[in-house]
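pasting the structure only:
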Ligand code: CP
């Protein structure tokens with residue numbers, strides 16, 4: 001089965017997720033070769049449309065598209081007509097006129113990628129829409145986790161931090177649960193939603209969460225930019241209660257627990273410097289795997305702009 005768009009994880013089946021993760025593996029193998037390119041998307045055009053800042057996701061999509069031999073255009077949002085008051089509808093009409101095959105969009109407005117997807121023949125990939133979804137981050141997380149634990153059923157992942165404002169927490173929790181992984185959340189009571197999936201355990205203390213026996217701990221970035229209210233007293237207090245401090249890191253390393261983080265990392269807040277050197281830190285692996293996972297997504301989606309001979 002193929003799809004036109006990738007907007008969230010909810011709409012994917014376990015089979016589709018596993019198919020994408022299986023597809024990502026041979027793409028990753030390419031990276032060790034002297035020629036890292038395949039002609040899979042020769043003649044196809046990819047447009048990136050990022051209304052919010054990004055380091056990893058944008059550059060990862062750019063590399064992924066180039067390695068598939070697609071032509072990529074980066075829409076220069078800060079200098080585009082969007083800042084001159086052009087409506088999203090008019091921007092969509094412009095994109096449609098360009099006859100691009102793939103549109104990769106990041107925006108603070110939840111649901112905007114869906115609006116664009118419904119209005120264009122291009123395949124739309126959600127690269128993060130507000131606090132709603134970040135499906136390719138979830139796929140790269142699942143791919144990374146599966147490299148360490150090929151049998152995912154019954155494994156345990158503890159996600160720590162600002163769950164409430166995190167599209168990564170939402171998408172990655174959904175993907176992990178679809179792979180049969182037990183998920184739990186730890187964070188300040190004000191940042192861990194009380195409503196939501198019943199199978200997700202909620203913890204408010206690190207000791208309690210560690211006693212649950214996670215195989216991996218997934219640290220979220222503290223997102224000051226999404227907080228219009230102060231949800232915890234201070235960053236120092238946050239680190240003390242929820243950060244991987246030197247003391248906590250020692251315990252984590254003794255237990256052999258893997259550490260993950262979507263980036264960008266706030267060193268000294270979510271984690272101490274020592275984590276970056278930890279042999280069970282998967283953070284760099286996540287970045288590398290992002291390219292392979294995004295290649296798999298681009299290869300899998302089928303734009304309606306394709307003619308019958310393609
Ligand atoms: N993980 C992630 O989305 O990072 P960027 O904001 O740098 O793209």
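Happy to help now that I have it. Here the structure is a predicted model, which means the values were calculated and not measured. Numbers count the residues shown, from 1 in each chain.

per the record, what domains does the chain have?
According to automatic domain parsing, the chain comprises the domains 14-133+289-300, 135-287.

and residue 146, what is it in contact with?
Residues counted as contacts of residue 146 (CB atoms under 8 Å, 6 or more residues apart in numbering) are 21, 152, 179. Just so you know, the C-beta spots here come from the backbone N, C-alpha and C atoms, and that holds for glycine as well.

right, and the last one touches residue 14 too?
Okay, so that is residue 179. Yes. If you go by CB atoms under 8 Å, residue 179 and residue 14 touch, sitting 6.8 Å apart.

So which of these two has more stuff around it?
Looking at residue 179 and residue 14 with other CB atoms under 10 Å, you find the greater number of neighbours at residue 179, namely 20 against 13.

what secondary structure does whatever residue of the stretch 101-250 of the chain ends up closest to the ligand sit in?
Nearest residue of the stretch 101-250 of the chain to the ligand, counting by CB to the nearest ligand atom: residue 137, 5.3 Å away. Under DSSP: H, G, I helix; E, B strand; the rest coil, residue 137 falls in the helix class.

Quick one, grab the pLDDT at it.
Looking at residue 137, its pLDDT reads 98.

Hmm, it is touching residue 61, no?
No. Here residue 137 does not reach residue 61: they are 11.6 Å apart, not a contact under CB under 8 Å.

Compare these two (neighbour count), which wins?
residue 61 (28 against 25).

what separates residue 268 from residue 102, distance-wise?
Separation of residue 268 from residue 102 (CB to CB, to the nearest Å): 38 Å.

Tell me the secondary structure of residue 202, please.
Residue 202 ends up strand, using three-state DSSP.

Who is it paired with across the strands?
Following DSSP bridges, residue 202 is listed with bridge partners residue 185.

so it sits right up against residue 196, yeah?
No. The pair residue 202 / residue 196 is not scored as a contact, 9.1 Å apart, by CB under 8 Å.

Give me the distance between residue 162 and residue 302.
36 Å.

Residue 282 too?
Residue 282 sits at a distance of 31 Å from residue 302 (criterion: CB to CB).

Just want to know which of these two has more residues nearby.
Higher neighbour count among residue 282 and residue 302: residue 282, with 20 against 14, using other CB under 10 Å.

Now do the buried residues in stretch 135-147.
135, 136, 137, 138, 139, 140, 141, 142, 143, 144, 145, 146 (16 or more other CB atoms under 10 Å).

Break down this protein into its strands, ranges please.
45-50, 71-75, 102-107, 123-129, 156-160, 182-186, 201-203, 216-219, 258-260 (DSSP state E).

Which residues are in contact with residue 169?
159, 161, 162, 163, 185, 220.

one more time with 10 Å, if that's ok
When contacts are counted by CB atoms under 10 Å, 6 or more residues apart in numbering, residue 169 touches 131, 134, 138, 159-163, 183, 185, 187, 191-193, 218, 220, 262.

Please list only the buried members of those residues.
Buried, going by 16+ other CB under 10 Å: 131, 134, 138, 159-163, 183, 185, 187, 191-192, 218, 220, 262, out of the contacts of residue 169.

How far off centre is the lowest-mean-pLDDT helix or strand in the chain?
The weakest-scoring helix or strand in the chain, judged by mean pLDDT, DSSP states H and E, is helix 88-97 (a mean of 79). Remark: helix 88-97 is offset 26 Å from the chain centroid, using CA atoms, centre = their mean, to the nearest Å.

Tell me where the stretch 1-150 of the chain has helices.
14-30, 56-67, 88-97, 112-119, 135-148 (DSSP state H, counting those that start in this stretch).

could those be laid out in JSON lines, adding distance to residue 273?
Below are the helices of the stretch 1-150 of the chain laid out as JSON lines (distance: least, CB to CB, whole Å):
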{"stretch": "helix 14-30", "distance to residue 273": "28"}
{"stretch": "helix 56-67", "distance to residue 273": "20"}
{"stretch": "helix 88-97", "distance to residue 273": "42"}
{"stretch": "helix 112-119", "distance to residue 273": "36"}
{"stretch": "helix 135-148", "distance to residue 273": "21"}
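
Pick the most buried one from those.
Ranked by mean neighbour count, those are led by helix 135-148 with a mean of 25 (mean count of other CB atoms under 10 Å).

so what's residue 292 up against?
Listed by CB under 10 Å, 6+ apart, the contact set of residue 292 reads 21, 23-31, 60, 64, 67, 139-140, 143-144.

could you redo the last one with a cut-off of 7 Å?
Shown in contact with residue 292 (CB atoms under 7 Å, 6 or more residues apart in numbering): 24, 27, 28, 143.

And those, which is closest to the ligand?
Nearest to the ligand, judged by CB to the nearest ligand atom, of the contacts of residue 292 is residue 143 at 14.1 Å.

my read: the closest one touches residue 24, true?
Yes. At 5.1 Å, residue 143 and residue 24 qualify as touching, with contact defined as CB atoms under 7 Å.
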